[in-house]
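Q: Predicted structure and sequence below. I'll ask about it afterward.
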Amino acid sequence: MKNKKTSQKEVVINILAKSFSTNQSVNYIIKQDRHQASGIRSLMDYSYEMCTLFGDVFIAENESACGLVLYPDKKIHSNPFC
């Protein structure tokens, strides 16, 4: 796997949305209506952006798999007591 390039954002989101489309935890928080697919894509976009800011995004050479790593110690908390 290699670090992602900015142009690969859509590829990563597509992989994640397809992978999590039947995940019970994801579907619990996403409203189950005709907008379900776009809700999952929005959640994956958010995850991608968070990992871009505070972690790493990896993608397989053949663009068939990806991995998101979030480093909690890099995330800046707005609450000084956290």
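A: On my side now, so go ahead.

Q: how about the strands of the chain, start to end?
A: Taking DSSP state E as the criterion, the chain contains strands spanning 2-3, 55-59, 66-70.

Q: buried stuff in the last one?
A: I take that to be strand 66-70. 66, 68 (16 or more other Cβ atoms under 10 Å). All C-beta atoms are positioned from the backbone trio N, CA, C, and that covers glycine.

Q: closest one to Tyr28 among the strands of the chain?
A: Closest to Tyr28 of these is strand 66-70 (Cβ to Cβ; 19.8 Å).

Q: contacts for the closest one?
A: With Cβ atoms under 8 Å, 6 or more residues apart in numbering as the test, strand 66-70 has contacts from 1, 4, 11-12, 15-16, 47-48, 50-51, 54-60.

Q: Now distance to Ser38 and mean pLDDT too, for the strands of the chain, in a markdown table please.
A: Below are those laid out as a markdown table (distance: least, Cβ to Cβ, whole Å; pLDDT from 0 to 100):
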| stretch | distance to Ser38 | mean pLDDT |
| --- | --- | --- |
| strand 2-3 | 27 | 68 |
| strand 55-59 | 21 | 93 |
| strand 66-70 | 20 | 94 |
